[in-house]
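Student: fold the stuff below for me.
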Amino acid sequence: MYQKVSTDMDFVGREKKVMEFWKKEDIIRKSFNVNKGNERFTFFDGPPTANGRPHIGHVETRAFKDLIPRFHAMKGQDVLRKAGWDTHGLPVELEVERQLKLDGKTEIERYGIEPFIKKCKESVWKYQKEWEDMSDRIAFWADMEDPYVTYHDEYIESIWWSLKEIWKKGLLYKGFKVVPYCPRCGTALSSHEVAQGYQEVTEDSVIVRFRVKGRDNAYILAWTTTPWTLPSNVALCVNAKETYVELELHGETLILAEALVNSVFGEHAKEGRVLRTMKGKALEGMEYEPLYRFDAIAYPREKGWYVVSDDYVTLTDGTGIVHTAPAFGEDDARLGKANNLPFIQLVDAQGKFIQGTLWEGRTRQESRSDDHGRPEKQGPACGRRAVYAQLPVLLALRYRAFVLRARHLVYRHDQGARRAGAQQPLRELGPRQHQGRPHGQLCGRRGGLGPFARALLGHAAADVDLRGRAPACDRQPERADRDGDRAGG
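Tutor: Model prediction:
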């Protein structure tokens, strides 16, 4: 009845004989129907993309994907084992971009959407045979002859049907969510896409002075590693349980975490005098003047520019007070919703500052600067992405003595979103040095800015009184249209 088991060690040869038997007798397809009519167990393959070769990681995941349906089939259940192919996604488009020598969404549109889609559809099947051979060799039992394909109309229509049903049940809503975003590609990124490529880049970590509203020479010291988001600032966040101080230093009152005074001011900390000690809870609601207020921007009516608190703020870095812009960062967005903060999005879908800001369509510095913070050369701001506008943002604040300190930090960033390369950040400023002025002096003059500052800001024709605009937060601006086009996240 049974063949004698061979004692040789030719495992590969044995496996091939078993595969030949399965194909000859159509064993895999017969197994799909052996329990037909019994309790249903459904399995849809989380589909791979066939424009990349399978590797050992795919072998492992396919083994698990086969194990669960096989277990339920052995229990007598009717198991639908549906294979699939993922024919969408950024990896497909990036592969075709490389083949066509294109760079970014604009060049794709110039090439033509329909021709590009056709190339993508051809690309997704490049390694189909390798995937099918691998699946056969590891005994991955799924219906490979009738798979679901994500670019087929029936699949796309099923997704729209699902969305319609969800909408009919009132489960869809429109809101804002912070997600990884690639301005070069013009699309949000999944966690899988973000993880495909990182590089180390040098960024600016800065401590910024925010003027306390209604008090002379009083400032809140806040920390950020994303200075280009400072124009969208609407709140400062403390930890309600930690201890903070009001420190008098060189004629100014500076508010920061008690535990970080020495790390912020170094040897100059002993020159200061603690006026008051309090928990972060006591700072909640303290109002301050915005760093920027652009007349051409329609600001939301929600109250902003005051201190909030959250446990995510730590005392491991910075000042114990964090700059908050709900349009950027998951914690910022969460705080914005919890405190009903304004949502100010000053960056468009291409990662560029929008019209009405100081950096849209104006001449400004390239990212390189000399040891004195002066620009080495100038270039057009139009077409420059916001992350590379950090230098002019910082120089503008530095000229007005709002930058207390800047230093370099190294981060790992997604290569797609940071493809143009790292800029050279500002050199680290001493705790008492602001563009050659003593720490105790504020240089935001109401009389207008000098020629050098106007050049920094890209305004060569007219004086711009940035500091004079700050108190304009008392005005009631027009409500921003929440349903309008706010790209990015």
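Student: now do the helices in the stretch 101-250 of the chain.
Tutor: Under the criterion DSSP state H, counting those that start in this stretch, the stretch 101-250 of the chain contains helices at 105-111, 113-123, 128-137, 153-168, 191-194.
Student: centroid residue for this structure?
Tutor: Among the residues of the chain, the smallest C-alpha distance to the mean C-alpha position (C-alpha atoms, centre = their mean) belongs to Pro180, namely 3.3 Å.
Student: returning to that earlier point: now the helices of the stretch 101-250 of the chain in JSON lines, with distance to Asn33 and mean neighbour count?
Tutor: C-beta: built from backbone N, CA, C; applies to glycine. Formatted as JSON lines, the entries for these read as follows, by distance: least, C-beta to C-beta, whole Å; neighbours: other C-beta atoms under 10 Å:
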{"stretch": "helix 105-111", "distance to Asn33": "45", "mean neighbour count": "14"}
{"stretch": "helix 113-123", "distance to Asn33": "32", "mean neighbour count": "14"}
{"stretch": "helix 128-137", "distance to Asn33": "20", "mean neighbour count": "15"}
{"stretch": "helix 153-168", "distance to Asn33": "23", "mean neighbour count": "10"}
{"stretch": "helix 191-194", "distance to Asn33": "35", "mean neighbour count": "14"}
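Student: so which of those is nearest Leu221?
Tutor: Checking the helices of the stretch 101-250 of the chain against Leu221 by C-beta to C-beta gives helix 191-194 as the closest, at 31.9 Å.
Student: the closest one packs against which elements?
Tutor: Using 3 or more C-beta pairs under 8 Å, 6 or more residues apart in numbering; DSSP states H and E, no helix or strand is in contact with helix 191-194.
Student: so for it, mean pLDDT?
Tutor: Computed over helix 191-194, the mean pLDDT rounds to 73.
Student: quick one: that helix to chain centroid distance?
Tutor: Its chain's C-alpha centre and that of helix 191-194 lie 11 Å apart, by C-alpha atoms, centre = their mean, to the nearest Å.
Student: likewise stretch 218-236?
Tutor: 18 Å.
Student: stretch 7-15 too?
Tutor: Using C-alpha atoms, centre = their mean, we find the averaged C-alpha position of stretch 7-15 to lie 51 Å away from the chain's own average C-alpha position.
Student: tell me the span between the first and last residue of that stretch.
Tutor: Start to finish, the residues bounding stretch 7-15 are 15 Å apart (C-alpha to C-alpha, to the nearest Å).
Student: same deal with stretch 223-242?
Tutor: Termini of stretch 223-242 sit 16 Å apart (C-alpha to C-alpha).
Student: list the buried ones in it?
Tutor: Of the residues in stretch 223-242, those scored as buried under the neighbour-count criterion (16 or more other C-beta atoms under 10 Å) are 223-224, 226-240, 242.
Student: could you measure from the closest residue to Thr225 other than its chain neighbours over to Ser6?
Tutor: Closest residue in space to Thr225, ignoring its immediate chain neighbours: Ser205 at 4.9 Å, by C-beta to C-beta, 6 or more residues apart in numbering. Note on Ser205: its distance to Ser6, by C-beta to C-beta, to the nearest Å, is 67 Å.
Student: those two: which is more packed in?
Tutor: Taking other C-beta atoms under 10 Å, Ser205 and Ser6 do not tie; Ser205 has more neighbours (20 against 9).
Student: wait, isn't the more buried one in contact with Thr319?
Tutor: No. In this structure, Ser205 is not within contact of Thr319 by C-beta atoms under 8 Å, at 11.2 Å.
Student: give me the common contacts of the two.
Tutor: Contact with both Ser205 and Thr319 is made by residues Trp223, according to C-beta atoms under 8 Å, 6 or more residues apart in numbering.
Student: so who does Gly104 touch?
Tutor: With contacts taken as C-beta under 8 Å, 6+ apart, Gly104 has the following neighbours: 97, 184-186.
Student: go again with 6 Å.
Tutor: Contacts for Gly104 (C-beta atoms under 6 Å, 6 or more residues apart in numbering) come out as Arg184.
Student: distance check, the residue nearest to Gly89 when sequence neighbours are not counted against Val92.
Tutor: Leaving aside its chain neighbours, Gly89 sits nearest to Thr49 (6.4 Å; criterion: C-beta to C-beta, 6+ apart). With the distance defined as C-beta to C-beta, Thr49 ends up 6 Å from Val92.
Student: also Asp86?
Tutor: Separation of Asp86 from Val92 (C-beta to C-beta): 8 Å.
Student: with Glu287 instead?
Tutor: Using C-beta to C-beta, we find Glu287 at a distance of 50 Å from Val92.
Student: neighbour count: the two, which is higher?
Tutor: Taking neighbours as other C-beta under 10 Å, Glu287 and Val92 compare with Val92 leading, 21 against 15.
Student: A helix includes the more buried one, no?
Tutor: Yes. Val92: assigned to a helix according to DSSP: H, G, I helix; E, B strand; the rest coil.
Student: quick one, what contacts it?
Tutor: 51, 120, 124.
Student: the second one and Pro91, how far apart?
Tutor: Using C-beta to C-beta, we find Cys120 at a distance of 10 Å from Pro91.
Student: low pLDDT regions in the stretch 301-450 of the chain?
Tutor: Applying pLDDT under 70 to the stretch 301-450 of the chain flags the ranges 361-392, 394-396, 398-401, 403-450.
Student: let's see it at 90
Tutor: Low-confidence regions of the stretch 301-450 of the chain, defined by pLDDT under 90, span residues 301-302, 316-317, 328-330, 345-450.
Student: for Tyr306, find the nearest of the helices of the stretch 101-250 of the chain.
Tutor: helix 191-194 (33.1 Å).
Student: send me that closest one as PDB with only the CA atoms.
Tutor: What follows is helix 191-194, C-alpha atoms only, in PDB (Å, rounded to 0.1, in the frame of the first residue of the first chain):
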ATOM      1  CA  SER A 191       5.000  53.200   8.000                       C
ATOM      2  CA  HIS A 192       6.300  50.500   5.600                       C
ATOM      3  CA  GLU A 193       7.300  53.000   3.000                       C
ATOM      4  CA  VAL A 194       8.900  55.300   5.500                       C
END
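Student: please name the bridge partners of Arg40.
Tutor: Asp78 (DSSP bridges).
Student: if we can go back for a sec, state the helix or strand in which the residue nearest to Gly89 lies.
Tutor: Secondary structure here is read from DSSP states H and E; on that basis Thr49 sits in neither a helix nor a strand.
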